[in-house]
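Asker: quick one: sequence and predicted model below, then my questions.
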Amino acid sequence: MKENFKSIEFAPGKTISVETGRLAKLADGAVMVRMGDTMVLCTVVSAKKPKPGQDFFPMVVDLRESFTAAGKFPGGFMKREGRPSDGETLSSRLIDRSLRPLYPKGYVNETQYICQVYSSDSQHQADVLGAFGASAATHISDIPFDGPMSQVKVGRIDGEHIINPTIDELEKSDMDLIVAGTAKSVIMIEGEMDEISEKEMLEAVKEGHKAIIKLCEFQEELREEFGVEKREFTPPEPNVTLEDKVKEHVGDKLDEIVGIGLGKEEFNEKTNELKTEIKEAITAEEEFEEAGDEISSIFGDLVKEALRNNILENRKRIDGRAPEDIRDIWTQVGYLPRSHGSAIFSRGETQALVSVALGTKRDAQSVDTLFHEEEKTFFLHYNFPPYCVGEAGFLRGPGRREIGHGHLAERSFKNILPDYDDFAYVIRVRSDITESNGSSSMASVCGGSMALMDAGVPLSKPVAGIAMGMIVGDDNTVVLSDIQGEEDFMGDMDFKTAGTADGITATQMDMKVQGISFEILEEALEQAHGGRLHILEEMSKTISEKRENISEHAPQFVRMTIDGDSIGAVIGPGGKVIQTLQKETDTEIWIEEDDEGKGQITISADSLDKAEAAKKRVQAVAGQLDEGGTYHGTVKAIKEYGAFVEIVPGKEGLLHISELNHSHVKSVEDVLSVGDEVDVKLLKVEHGGKLRLSRKALLPNPDEE
């Protein structure tokens, strides 16, 4: 390759630079992409021949970050990068989903992309740069490719769209939307928004596509100057003889099955019976004895064609629904007695069992990336066990799909959750898919919203999600609401939107054909809006607002403020005082100094009584003792005239012998011993801080009785 450097201003004030020919010259394609001081090396290698018998496209994308890119060390004991973080996995998925539709049909050569972040300025994110670089590296290589494509991020501040916003700009933005596409159309969308309308989202997509067109034209310039001749690729010739034979045996039988309107199990049972019958009949002939797998593949294509034709011609789906219809919904909350909140959300043959756990600040996750360090206080984890599709399989850690689905559902709530300062709980939502026939990530959103309300989390509004599909014919296009598994498999689009009754909070779209017109996208958005409102209405029949109280099993919080001068006293030398307080009251206590220098204290316990007791003791240590208040103390010393009782760490008061009992006490040791625990009332805080205590004030008076 010829070593060179080119750049383009693709949006106001936004410039991307590309260098090729200096690094990774043995890869099929390699470019170094730069924006600001963020640099990503994008490489692609594709095998010259497919593996024998290969019948799928084995493409893998890995975007990886190096902490040295920002002059940082990885956290933890191992001072080197390990398995990919969730952020790296999600970025890799975004690139994969944008590139995959652009490979020619029938291309099954093993292909690998590696996008390595080598420099980071902590402002320009690497995900969209990696996608642009991956396309550019492929476009200038000899690999067959129907690109180029590009990917941009769209933000909006005060109504003005910003392309590829910086980290600082994103903090002020009401949307974080990634759009990928070719010069002709959009092929992938993903992002989160602050309850924007369908019209506003469409405007953002259009704005992003304007920049994509410029970046695709730029890649054409790169190919013209640095590209090499594309290798020859001829799609495998179909076995026309066998295809005709399978079609002959199928006849009208598939159309009859498709037209009945069946559930998943019944549909699969009838099509499998027909497939087996046809395979047995054809493989009985000597010429086709070894053609079983090929017959299955041809039959699968015919099923797909029959389903698509039934929708395009009759506007009727597998289960008999019309394109706009939503499957039956039933819900339940409070199903799990010990979870802090729970819900079952069932839509057709898709079901999510969602549980919520509320934790303390100690449960927050410290996230250390190239761009920022934060304490993560909200999680949504999505699990897809094999039994949910009637299969047996190994249980391993979450894969890319599970991480991606969980992230989409998590983003749906980001702008609806209460601020941590107002609701000081770390929140974990776990969604287990117990049945799956399409749209399980959106079932997680619906079930998650209900479970959060069941837990007493003050969501600003309920959230629901819906998955849309699309079938493109020669003369017409049909948009489908609430798609199920087969419709996802044989369709041309998977478009998910989540949001409240007032707007979209998260979205994800993948195209299996090369692009979608803005007119069809607008139709899909409007149809999704109607479906989302219907689902919200069904959810409201079970729960529509948060519980008045959180679960009795959840941690209880008390918050208080002390003077900044008292922070040291509460912590104590080496943390001794606060550790003693936590141990003796069975609580967790956090102290933070605010901007005004005051101490903001959060106390958590498994009961409110414990938290309130700890608060009293903290107040005492901080010099905020309440005269007339009751304290549980420990006898530290005994004198002839009384006992010295420590009512909070570091604070002792005199319990005079006359205050031990209503009757006469000859000796203090007749009543108390060193180490005894005793409840006392604080009679007075005298000049100089001396404390006068009483035991008898808390005892019944025999004379009065």
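Answerer: Ah, there it is. Since we're looking at a predicted model, the values are computed, not measured. Residues are numbered from 1 along each chain as shown.

Asker: OK, contacts around the residue most central in space within the chain?
Answerer: The centre of the chain sits closest to His407, judged by Cα atoms, centre = their mean, with a distance of 1.9 Å. By Cβ atoms under 8 Å, 6 or more residues apart in numbering, the residues touching His407 are 86, 90. Placement of C-beta: from N, CA and C, glycine included.

Asker: from Asn268, how far off is it?
Answerer: 30 Å (Cβ to Cβ, to the nearest Å).

Asker: now do the strands in the stretch 201-350 of the chain.
Answerer: Here the stretch 201-350 of the chain has its strands, by DSSP state E, counting those that start in this stretch, at 329-333, 341-347, 350-359.

Asker: Ala352 pairs with what?
Answerer: With DSSP bridges as the criterion, Ala352 is bridged to Phe345, Ile433.

Asker: show me the shaky parts of the chain.
Answerer: 1-3, 76-77, 368-373, 515, 704-705 (pLDDT under 70).

Asker: quick one, longest helix in it?
Answerer: The longest helix of the chain (DSSP state H) is helix 198-226.

Asker: and of the strands of the stretch 201-350 of the chain, who's closest to Thr68?
Answerer: strand 350-359 (33.7 Å; Cβ to Cβ).

Asker: which secondary structure elements does the closest one contact?
Answerer: strand 341-347, strand 426-435, helix 440-454 (3 or more Cβ pairs under 8 Å, 6 or more residues apart in numbering; DSSP states H and E).

Asker: name the stretch among these that sits most buried.
Answerer: Sort the helices and strands packed on strand 350-359 by mean neighbour count, taking mean count of other Cβ atoms under 10 Å, and helix 440-454 sits at the top with a mean of 30.

Asker: which residues touch stretch 157-171?
Answerer: Residues outside stretch 157-171 that contact it (Cβ under 8 Å, 6+ apart) are 10-12, 14, 35-36, 122-125, 128, 152-156, 172-174, 176, 203-204, 207-208, 211, 371-372.

Asker: measure that stretch end to end?
Answerer: 9 Å (Cα to Cα, to the nearest Å).

Asker: may I see the buried residues of it?
Answerer: 161-166, 170 (16 or more other Cβ atoms under 10 Å).

Asker: same question, stretch 656-672
Answerer: So for stretch 656-672, counting by 16+ other Cβ under 10 Å, buried means 656-657, 659-660, 665, 668, 671-672.

Asker: any idea how far apart the tips of that stretch sit?
Answerer: 12 Å.

Asker: what about the closest residue to Arg338 other than its chain neighbours, distance to Pro337?
Answerer: Closest residue to Arg338 in three dimensions, ignoring its sequence neighbours and counting by Cβ to Cβ, 6 or more residues apart in numbering: His553, at 5.9 Å. Separation of His553 from Pro337 (Cβ to Cβ): 9 Å.

Asker: how about Gly292?
Answerer: Distance from Gly292 to Pro337, by Cβ to Cβ: 51 Å.

Asker: burial count for Leu380?
Answerer: Residue neighbour count, defined by other Cβ atoms under 10 Å, stands at 25 for Leu380.

Asker: just His139 next, same as before
Answerer: So His139, with other Cβ under 10 Å, has 24 neighbours.

Asker: distance of it from Lys279?
Answerer: 42 Å.

Asker: from the centre of this protein, point out the most distant residue.
Answerer: The chain, farthest from centre, Cα atoms, centre = their mean: Lys666 at 69.7 Å.

Asker: I'd guess that residue is in a strand, am I close?
Answerer: No. Lys666 is assigned coil when assessed by DSSP: H, G, I helix; E, B strand; the rest coil, not a strand.

Asker: ok, it to Glu640 distance?
Answerer: From Lys666 to Glu640 the distance is 11 Å (Cβ to Cβ).

Asker: how far does the host helix or strand of Leu94 sit from the chain's center?
Answerer: Per DSSP states H and E: Leu94 is located in helix 86-99. With Cα atoms, centre = their mean, to the nearest Å as the basis, helix 86-99 stands 14 Å off its chain's centre.

Asker: ok, which stretches of the stretch 101-250 of the chain are helices?
Answerer: Along the stretch 101-250 of the chain, counting by DSSP state H, counting those that start in this stretch, helices occupy 127-139, 167-172, 198-226, 240-250.

Asker: so His553 and Pro337 - more neighbours on which side?
Answerer: Using other Cβ under 10 Å, the more surrounded residue of His553 and Pro337 is His553, with 12 against 8.

Asker: neighbours of Gln579, just the number please.
Answerer: Counted with other Cβ under 10 Å, Gln579 comes out at 14.

Asker: before we move on, what about Thr283?
Answerer: 15.

Asker: Ser296 is in contact with that one, correct?
Answerer: No. Taking contacts as Cβ atoms under 8 Å, Thr283 lies outside contact range of Ser296: 10.8 Å.

Asker: next up, the contacts around Lys14.
Answerer: 35, 163-164, 211.

Asker: show me what contacts the closest residue to Ile326 other than its chain neighbours?
Answerer: Among residues not flanking Ile326 along the chain, Asp482 sits closest, at 4.6 Å (Cβ to Cβ, 6+ apart). By Cβ under 8 Å, 6+ apart, the contact set of Asp482 is 325-327, 347-348, 438-439, 466-468, 531.

Asker: for these, work out which two are farthest apart.
Answerer: Gly348 and Met468 (14.8 Å).

Asker: what about those two, which has more around it?
Answerer: For Gly348 versus Met468, neighbours defined as other Cβ under 10 Å are more numerous around Met468 (25 against 20).

Asker: you'd agree that one is in a strand?
Answerer: Yes. Under three-state DSSP, Met468 falls within a strand.

Asker: the nearest residue to it once chain neighbours are set aside bridge partners, please.
Answerer: Leaving aside its sequence neighbours, Met468 sits nearest to Phe495 (Cβ to Cβ, 6+ apart; 4.2 Å). Applying DSSP bridges to Phe495 gives these bridge partners: Met468, Met509.

Asker: residues contacting Ser150?
Answerer: Ser150 touches 131-132, 135, 180-181, 211-212, 215-216, 219, counting by Cβ under 8 Å, 6+ apart.

Asker: before we move on, back to that, okay, and the common contacts of Thr283 and Ser296?
Answerer: Contacts common to Thr283 and Ser296, judged by Cβ under 8 Å, 6+ apart, are absent.

Asker: just to revisit the earlier point, looking at the helices of the stretch 101-250 of the chain, which is buried most?
Answerer: Mean neighbour counts for those (mean count of other Cβ under 10 Å) peak at helix 127-139, with a mean of 29.

Asker: any idea how far that helix is from the chain center?
Answerer: Using Cα atoms, centre = their mean, the offset of helix 127-139 from its chain centre is 24 Å.

Asker: ok, Val645 to Ala620 distance?
Answerer: 12 Å.
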